[in-house]
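# Output the structure for:
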Amino acid sequence: MSDKELCHLTGAWPKLQILIISCCVSVESDTTAVPTFHGLIRLLRLCPALISLALVIDTTKLDGIDLKSPGGEYFTKNLKDLILGNSVIDSPLNVALILSSLFPDLEQVNLDCWNTVLMDSLPQKKPAMEQWASVNSFLRGFRIVRELPGTS
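Model prediction:
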């Protein structure tokens, strides 16, 4: 599903609170389309009430994304559960910067899906899990810094 298809699918549901599309897709093929951060940002604008989201995205396509303010002035404090499954990732730091800006109250990306039979079959499971664990470490660090007196 492309960014455009994701937004077309969800655009009619502005009060949508839970969206579970996928936790694992075949990202080996160039023909498999998955949303990017651009689609995720548009999704959040279309569905501001989301509290839980499971979606595979390509986090490597950062063209036009400002790491300091990826959603512009837009962010949501509603989202509490984020599952990004086997989303393609190159830079855990960049991903954490974007996620912490879009979701300032998100404690971590939910990694429970990595313990499923479907994910066990992925040859890149261990390195990918380590990258997502790094994202969570960065998210925790950013939260600690934000909570320090005088850093709000």
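# which ones are touching the residue nearest the centre of the chain?
Residue closest to the mean C-alpha point of the chain, counted by C-alpha atoms, centre = their mean, is L84 at 5.3 Å. Each residue near L84 by C-beta atoms under 8 Å, 6 or more residues apart in numbering is listed here: L55, V56, I57, T59, V109, W132. Placement of C-beta: from N, CA and C, glycine included.
# same thing with T32?
Counting by C-beta under 8 Å, 6+ apart, T32 has contacts V25, S26.
# what about it, distance to N110?
Using C-beta to C-beta, to the nearest Å, T32 is found at 22 Å from N110.
# For the protein, name the helix or strand with the lowest mean pLDDT.
helix 117-120 (a mean of 66; mean pLDDT, DSSP states H and E).
# Toward the C-terminus from that one, list the very next helix or strand.
Per DSSP states H and E, the first helix or strand lying C-terminal to helix 117-120 is helix 125-147.
# what's that next one packed up against?
helix 92-102 (3 or more C-beta pairs under 8 Å, 6 or more residues apart in numbering; DSSP states H and E).
# what's the helix it packs on in contact with?
Residues from elsewhere that reach helix 92-102, judged by C-beta under 8 Å, 6+ apart: 37, 40-41, 44, 59, 62, 65, 67-71, 74-76, 82, 89, 106, 109, 131-132, 134-136, 138-139, 142-143.
# For that helix, what does the pLDDT average out to?
Average pLDDT, helix 92-102: 94.
# How far away from the center of its chain is it?
9 Å (C-alpha atoms, centre = their mean, to the nearest Å).
# next one: stretch 108-115
Taking the mean of its C-alpha atoms, stretch 108-115 sits 12 Å from the chain's own mean (C-alpha atoms, centre = their mean).
# Okay, buried residues for it please.
Q108, V109, N110, L111, C113, W114 (16 or more other C-beta atoms under 10 Å).
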